[in-house]
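Asks: this is a predicted model, with the sequence first.
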Amino acid sequence: WRANTVTIDYNLNAQDNGGNDPSSTFRAHSNNFKMYNVIIRNTYGPDVHATALAARGTKQGYYGCAFYGYQDTLLADADGPQYHSNGRS
């Protein structure tokens, strides 16, 4: 499964687009969400908040994933656990 990769790119910044959550490349707001082997990148550029993932649900799992941004790359904001394992770089 590690050879099967998907890359999602986007390029918004938080300052001009309503904050870290609305400008994120990928927004996961549901509980019990799982993601496997996905690369998420916010390619906006340096010196600004460019969030790749806004993770706002509990019991979410990210396995074999990678997240790239320039500042505030991951917004992990939930009332319960989130799991990250075997991340890539």
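Replies: Nice, thanks for sending it over.

Asks: buried sites along stretch 30-37?
Replies: 33, 35, 37 (16 or more other CB atoms under 10 Å). Every residue, glycine included, has its C-beta placed from N, CA and C.

Asks: spit out the contact partners of the first one.
Replies: The reference is to residue 33. Taking CB atoms under 8 Å, 6 or more residues apart in numbering, we find residue 33 in contact with 57, 60, 61.

Asks: rewinding a little: closest to residue 6 out of the buried residues of stretch 30-37?
Replies: Closest approach to residue 6 among the buried residues of stretch 30-37 (CB to CB): residue 37, at 7.2 Å.

Asks: from residue 86, how far out is the closest one?
Replies: Separation of residue 37 from residue 86 (CB to CB, to the nearest Å) stands at 9 Å.

Asks: now for the two: what residues contact both?
Replies: Joint contacts of residue 37 and residue 86 (CB under 8 Å, 6+ apart) are 63, 64.

Asks: tell me which residues in the host helix or strand of residue 9 are buried?
Replies: Per DSSP states H and E, residue 9 falls inside strand 6-10. For strand 6-10, the neighbour count (16+ other CB under 10 Å) marks residue 10 as buried.

Asks: neighbouring contacts of the following helix or strand past it?
Replies: Sequence order places strand 26-28 as the next helix or strand after strand 6-10, per DSSP H and E. By CB under 8 Å, 6+ apart, the residues outside strand 26-28 that reach it are 8, 10, 21, 35, 40, 52, 53, 54, 55, 56, 57, 60.

Asks: at the geometric centre of this structure, which residue sits there?
Replies: Taking CA atoms, centre = their mean, the centroid of the chain lies closest to residue 53, which sits 1.7 Å from it.
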